[in-house]
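In: Dropping a prediction and its sequence here:
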Amino acid sequence: MRHLIAASIAVMFAVFCTSCEDKKTTASSGLTTGRPAMARAEFEKAVMGKTPKEVSAAVGEPAQKNPAGSKEEWIFAMITTNGSKTDPATKVYFEGGKVVKVEYVEPS
């Protein structure tokens, strides 16, 4: 349920800011912007096994960070595509300081 709420919030922010001309990543907007969306395989190649610092350098800052001890979840908004459809949210999971899993929220 928490993941669904987070994804919904990310989508609302994305819709709200689609008319914005400023394409920088901003924590205040809650959007992952400034980079074009990339294919899922390309995104995974850029982040799997990487540290948080390496992920930020490769794909930018997430819309949301959820720390949980040695684990952490980052949620990116509108950053990945599956064919012609853009995923509303992409979740990156860290364990022991490295990315171990990527999940995609399917467009509805």
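Out: That came through fine. Numbering: from 1, shown residues only.
In: lowest-confidence helix or strand of the protein?
Out: helix 2-16 (a mean of 50; mean pLDDT, DSSP states H and E).
In: what lines up beside the next helix or strand after that one in the sheet?
Out: Where DSSP states H and E defines the elements, the next helix or strand beyond helix 2-16 is strand 38-39. Using DSSP bridges, the strands paired with strand 38-39 are strand 80-82 (parallel).
In: And for the strand it pairs with, what's in contact with it?
Out: By CB atoms under 8 Å, 6 or more residues apart in numbering, the residues outside strand 80-82 that reach it are 37, 38, 39, 40, 43, 86, 87, 90, 104, 106. Where you see a C-beta, it was placed from the backbone N, CA and C, and this is true even at glycine.
In: Identify, from these, the entry nearest to residue 71.
Out: residue 90 (17.1 Å; CB to CB).
In: now that closest one, which residues is it bridged with?
Out: residue 76, residue 104.
In: Looks to me like residue 61 is in a helix.
Out: No. Counting by DSSP: H, G, I helix; E, B strand; the rest coil, residue 61 is not part of a helix but coil.
In: ok, how many other residues are close to it?
Out: 18 (other CB atoms under 10 Å).
In: Tell me both backbone torsions, phi and psi, for it.
Out: With angles defined as degrees, to the nearest 10, residue 61 sits at phi -80, psi 150.
In: Need the pLDDT of it.
Out: Residue 61 is assigned a pLDDT of 95 by the prediction.
In: quick one: it from residue 98, how far?
Out: 18 Å (CB to CB, to the nearest Å).
In: repeat for residue 62
Out: 16 Å.
In: Compare those two and say which is more crowded by neighbours.
Out: Legend: neighbour count by other CB under 10 Å for residue 62 and residue 98, higher for residue 62 (27 against 15).
In: so that one makes contact with residue 72?
Out: No. Look at residue 62 against residue 72 with CB atoms under 8 Å: they stay out of range, at 10.0 Å.
In: residues in contact with the helix or strand where residue 41 lies?
Out: Assigned by DSSP H and E, residue 41 belongs to helix 40-47. Helix 40-47 is contacted from outside by 38, 54-55, 58-59, 79-82, 87, 90, 92, 99, 102, 104, using CB under 8 Å, 6+ apart.
In: That'll do, ta.
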